[in-house]
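Q: What follows is a predicted structure for the sequence shown.
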Amino acid sequence: MENLLLEHGLPALFFISLLAATLLPLGSEWLLVALILQGLPPAQLVAVATLGNVSGAVITYGIGIWGSEFFMTPLLRVNKQQTAKAIALYQRYGAVSLLFAWLPIIGDPLCLAAGILRLQPLLFLIPVFLGKLGRYAFIALLTGA
């Protein structure tokens with residue numbers, strides 16, 4: 001199991017991190033911690049997890065732009081009430097609210113709301129990237145990396 005984890009750890013971390021930000025109620029933090037404990041380079045792991053999670057957020061943002069009604073409830077586990085709250089939060093705090101796109105429950109609706117509101121891509125990407133990077137870096141530090 002250990003060799004399998006080391007051999008496929010980075011692709012698995014990317015894929016699980018991506019899915020955790022989109023379709024499935026997954027968490028990717030456990031795999032980040034497991035891979036750090038197996039001795040893989042923490043900076044590389046944080047980068048891969050961040051890239052995967054931001055990619056998933058971009059998918060959710062795209063769904064907000066091009067198909068929120070079709071995909072919203074069945075795939076993203078986001079309902080209209082959550083979306084309305086996220087839009088209100090975004091309208092109150094602006095792009096800064098996207099620093100919290102990594103949070104459970106509110107993160108996916110925030111990314112979806114940014115798409116629905118047609119937020120400029122860079123105004124979306126920068127805070128989402130910083131928030132997700134900060135979360136993974138903090139977990140890596142807590143793990144002893």
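A: Received, thanks.
Q: tell me which helix or strand of this protein sits lowest on mean pLDDT?
A: Every helix and strand of the chain was ranked by mean pLDDT, DSSP states H and E. The lowest is helix 68-76, at a mean of 57.
Q: Restrict stretch 8-27 to CA atoms and write it as CSV.
A: C-alpha atoms of stretch 8-27 as CSV (Å, rounded to 0.1, in the frame of the first residue of the first chain):
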residue,chain,number,x,y,z
HIS,A,8,0.4,7.4,-7.5
GLY,A,9,0.2,10.0,-4.8
LEU,A,10,0.6,13.2,-6.8
PRO,A,11,-2.0,12.3,-9.5
ALA,A,12,-4.4,11.0,-6.9
LEU,A,13,-4.0,14.2,-4.8
PHE,A,14,-4.6,16.4,-7.9
PHE,A,15,-7.7,14.4,-8.9
ILE,A,16,-9.2,14.2,-5.4
SER,A,17,-8.5,17.9,-4.8
LEU,A,18,-10.3,18.7,-8.0
LEU,A,19,-13.3,16.6,-7.2
ALA,A,20,-13.4,18.0,-3.7
ALA,A,21,-14.0,21.4,-5.2
THR,A,22,-16.7,20.2,-7.6
LEU,A,23,-18.8,17.1,-7.8
LEU,A,24,-18.4,14.9,-4.8
PRO,A,25,-18.5,15.5,-1.0
LEU,A,26,-14.9,14.7,-0.6
GLY,A,27,-12.0,16.1,1.4
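Q: can you give me the helices in this structure?
A: Using DSSP state H, the helices assigned to the chain run over residues 2-20, 29-37, 42-66, 68-76, 80-93, 107-116, 121-143.
Q: ok, and which of those has the densest surroundings?
A: Of the helices of the chain, the one with the most neighbours on average (mean count of other C-beta atoms under 10 Å) is helix 107-116, at a mean of 27. Heads up, the C-betas are built off the backbone N, CA and C, glycines and all.
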